[in-house]
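**Q** sequence and predicted structure, then a few things I'm wondering about:
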Amino acid sequence: MTSPADRRSATDAPSTPVVAGFEAYEIPDTVHLAAPFDGIPPVVSTVAGLERAAAAVAAGTGPAAIDTERASGFRYGQRAFLVQLRREGVGTVLIDPEATGSLAVLGEALSGVEWVLHAATQDLPSLRALDMHPDALFDTELGGRIAGLRRVGLAAETEELLGYTLAKEHSAVDWSKRPLPQSWLNYAALDVEMLIQLRWAMEDLLREQNKLEWALQEFEAVRTAPPAPPRKDPWRKTSGINKVKGRRQLTALSLLWEERERLAQHKDLSPGRLLPDAAIVAAATAMPRTVPQLLETPGFHGRLAAREAPRWLRAVAEARTATELVPFTVKSEALPPVKAWEVKRPEAAARLKALKPLVAELAEQHGLPTENLLTPEHLRRFCWQPPKSTSDQAVADRLRDLGARPWQVELTAPVLAEAWRELRARKRAARQAGHETPAEDEGTPAA
């Protein structure tokens with residue numbers, strides 16, 4: 001059987017020359033890969049099958065390509081309903097974690113092995129929930145961003161770097177469906193079919209651009225990033241919440257949101273499939289008292305809405321009699337919206353206005369998206385609270401404190417420090433000319 005490495009060397013670079021003796025035929029620029037080279041493997045759906053698969057994976061060689069399929073918009077949460085893995089000497093393995101439970105035995109089989117994922121931040125949380133934790137990581141999507149590729153989807157990168165096009169027609173289906181259709185499994189297997197070859201091609205590209213070390217630092221930052229802390233008052237992210245004007249109505253919205261969340265978790269359904277955000281906002285605004293009034297509220301229609309009507313009315317009634325109402329705003333560590341800086345801290349707004357274009361220009365020089373050269377949140381926090389000193393070292397230390405990686409600090413600190421010195425010099429010149437300005441512009445010690 002032809003190995004992935006052999007296939008890569010034979011087909012990695014698409015070409016258009018005419019083969020001697022076959023002048024009438026032209027080799028296409030790209031090849032459409034409609035099915036895995038080795039066919040679709042059976043889905044592992046038992047603990048015994050998982051143990052056998054783990055033993056086979058442990059005996060494989062090289063990095064392991066891994067992907068997951070979730071049922072976002074259909075089921076509650078972001079758990080994986082299918083895990084795909086491919087490794088040299090093993091081929092492709094498809095696993096149903098709903099049937100097998102924890103994949104810890106597979107994680108142990110991959111101890112010390114590099115994982116290759118595309119857009120790892122999307123898959124790692126669901127893999128960790130299955131007791132799988134990588135020891136090393138290569139992210140082909142993030143690598144493509146650092147390499148400056150215009151399109152960084154898996155299919156786009158595979159086509160540009162390997163010459164294969166992949167079908168992507170099942171990306172948003174309900175992966176909790178059982179049994180999974182063969183066409184879906186075909187799509188899922190293709191997601192890891194070329195991923196290892198893509199990893200090597202991406203490394204070659206990054207190395208040619210002298211960006212490989214940058215990418216490796218980014219991959220490690222993704223791998224070691226702690227889980228996001230629970231969001232405080234997540235109901236405040238309800239779409240259309242700005243239409244709710246009173247605190248009692250806002251309290252009703254929070255209670256309706258929490259009730260929807262409990263019911264969605266119990267039924268294992270995406271909350272939006274029970275009630276759209278617009279329905280919660282409408283009910284919180286109208287504060288209905290009876291079932292007929294509730295069912296006349298936009299968004300409350302169908303058999304499920306009628307069956308659960310008492311649940312929603314209890315939440316509204318609780319808000320109507322509540323003595324402690326939720327506040328319009330809560331204290332947050334998040335920075336104010338940039339548009340509010342002119343009023344809250346005009347000197348910070350001036351810094352951001354001066355420094356943001358410099359970072360964008362530097363990113364363009366290095367063929368990077370601006371957000372990958374320096375995370376926008378890091379730049380905003382630097383401008384909101386810069387170091388007191390304008391030295392390169394002080395600026396570099398502040399960026400490191402904010403979480404910038406070494407390569408980002410090396411590139412951006414000298415540029416930001418020079419601009420910070422110029423801003424301070426202008427400030428002092430203005431002061432000497434007799435213009436009063438806030439002392440805040442002198443900088444504040446890094447927190």
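**A** Good, I have the coordinates.
**Q** for the protein, longest helix please?
**A** helix 406-432 (DSSP state H).
**Q** centre of the chain to that helix, how far?
**A** Remark: helix 406-432 is offset 32 Å from the chain centroid, using C-alpha atoms, centre = their mean, to the nearest Å.
**Q** flag every buried residue along it.
**A** The neighbour-count check on helix 406-432 (16 or more other C-beta atoms under 10 Å) flags 407-409, 411-413, 415-417, 419-420, 423-424, 427 as buried. In short, each C-beta sits where N, CA and C put it, glycine included.
**Q** cool, stretch 65-73 as well?
**A** Ala65, Ile66, Asp67, Thr68, Glu69, Arg70, Ala71.
**Q** and the last one, what is it in contact with?
**A** Applying C-beta atoms under 8 Å, 6 or more residues apart in numbering, we find Ala71 in contact with Phe81, Asp174, Trp175, Ser176, Ser270.
**Q** could you export the buried residues of stretch 65-73 as a markdown table, including secondary structure, distance to Leu373 and pLDDT?
**A** Formatted as a markdown table, those follow (DSSP: H, G, I helix; E, B strand; the rest coil; distance: C-beta to C-beta, whole Å; pLDDT from 0 to 100):
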| residue | secondary structure | distance to Leu373 | pLDDT |
| --- | --- | --- | --- |
| Ala65 | strand | 28 | 98 |
| Ile66 | strand | 28 | 98 |
| Asp67 | strand | 28 | 98 |
| Thr68 | strand | 29 | 98 |
| Glu69 | strand | 32 | 97 |
| Arg70 | strand | 30 | 96 |
| Ala71 | coil | 35 | 95 |
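**Q** can you show me the helices along the stretch 51-200 of the chain?
**A** Taking DSSP state H, counting those that start in this stretch as the test, the helices found in the stretch 51-200 of the chain are 97-100, 104-109, 120-129, 140-146, 154-162, 182-193, 195-208.
**Q** quick one: the helices in the stretch 201-350 of the chain?
**A** So, for the stretch 201-350 of the chain - with DSSP H, counting those that start in this stretch - the helices run 212-224, 247-267, 271-274, 277-286, 291-295, 303-307, 309-321, 341-344, 346-365.
**Q** tell me the most buried of those?
**A** The highest mean neighbour count among those, using mean count of other C-beta atoms under 10 Å, belongs to helix 277-286: a mean of 22.
**Q** among the buried residues of stretch 65-73, which one lies nearest to Ala334?
**A** Arg70 (27.2 Å; C-beta to C-beta).
**Q** hang on, the earlier thing: for the buried residues of stretch 65-73, which one is nearest Val330?
**A** Arg70 (30.3 Å).
**Q** relative to Gln122, how far out is the closest one?
**A** According to C-beta to C-beta, to the nearest Å, Arg70 stands 8 Å off from Gln122.
**Q** burial of Gln197, as a residue count?
**A** 22 (other C-beta atoms under 10 Å).
**Q** list the contacts of the closest residue to Glu259 other than its chain neighbours.
**A** Spatial nearest neighbour of Glu259, excluding adjacent residues (C-beta to C-beta, 6 or more residues apart in numbering): Ala315 at 4.7 Å. Ala315 makes contacts with Ala252, Leu255, Leu256, Glu258, Glu259, as judged by C-beta under 8 Å, 6+ apart.
**Q** centre of the chain to stretch 384-392, how far?
**A** For stretch 384-392 - counting by C-alpha atoms, centre = their mean - the centre lies 31 Å from the chain centre.
**Q** also stretch 282-300?
**A** Using C-alpha atoms, centre = their mean, the offset of stretch 282-300 from its chain centre is 36 Å.
**Q** show residues contacting it.
**A** Stretch 282-300 is contacted from outside by 243-245, 248-250, 252-253, 256, 275-276, 278-280, 301, 305-306, 309-310, 312-313, 316-317, 319-320, using C-beta under 8 Å, 6+ apart.
**Q** can you give me the mean pLDDT across it?
**A** For stretch 282-300, the mean per-residue pLDDT is 95.
**Q** that one: end-to-end distance?
**A** 9 Å (C-alpha to C-alpha, to the nearest Å).
**Q** wouldn't Asp96 be in contact with Phe81 here?
**A** Yes: between Asp96 and Phe81 there is a contact at 7.4 Å, judged by C-beta atoms under 8 Å.
**Q** using PDB, list the CA coordinates for stretch 250-267.
**A** Backbone C-alpha positions of stretch 250-267 (Å, rounded to 0.1, in the frame of the first residue of the first chain) are rendered in PDB as follows:
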ATOM      1  CA  LEU A 250     -33.800  42.800  32.500                       C
ATOM      2  CA  THR A 251     -34.300  40.500  35.500                       C
ATOM      3  CA  ALA A 252     -37.000  38.700  33.600                       C
ATOM      4  CA  LEU A 253     -34.600  38.200  30.700                       C
ATOM      5  CA  SER A 254     -31.900  36.800  33.000                       C
ATOM      6  CA  LEU A 255     -34.400  34.300  34.600                       C
ATOM      7  CA  LEU A 256     -35.800  33.300  31.200                       C
ATOM      8  CA  TRP A 257     -32.200  32.700  29.900                       C
ATOM      9  CA  GLU A 258     -31.300  30.600  32.900                       C
ATOM     10  CA  GLU A 259     -34.500  28.600  32.600                       C
ATOM     11  CA  ARG A 260     -33.800  27.900  28.900                       C
ATOM     12  CA  GLU A 261     -30.300  26.900  29.800                       C
ATOM     13  CA  ARG A 262     -31.500  24.300  32.400                       C
ATOM     14  CA  LEU A 263     -34.100  22.900  30.000                       C
ATOM     15  CA  ALA A 264     -31.600  22.800  27.100                       C
ATOM     16  CA  GLN A 265     -29.100  20.900  29.200                       C
ATOM     17  CA  HIS A 266     -31.700  18.500  30.400                       C
ATOM     18  CA  LYS A 267     -33.000  17.800  26.800                       C
END
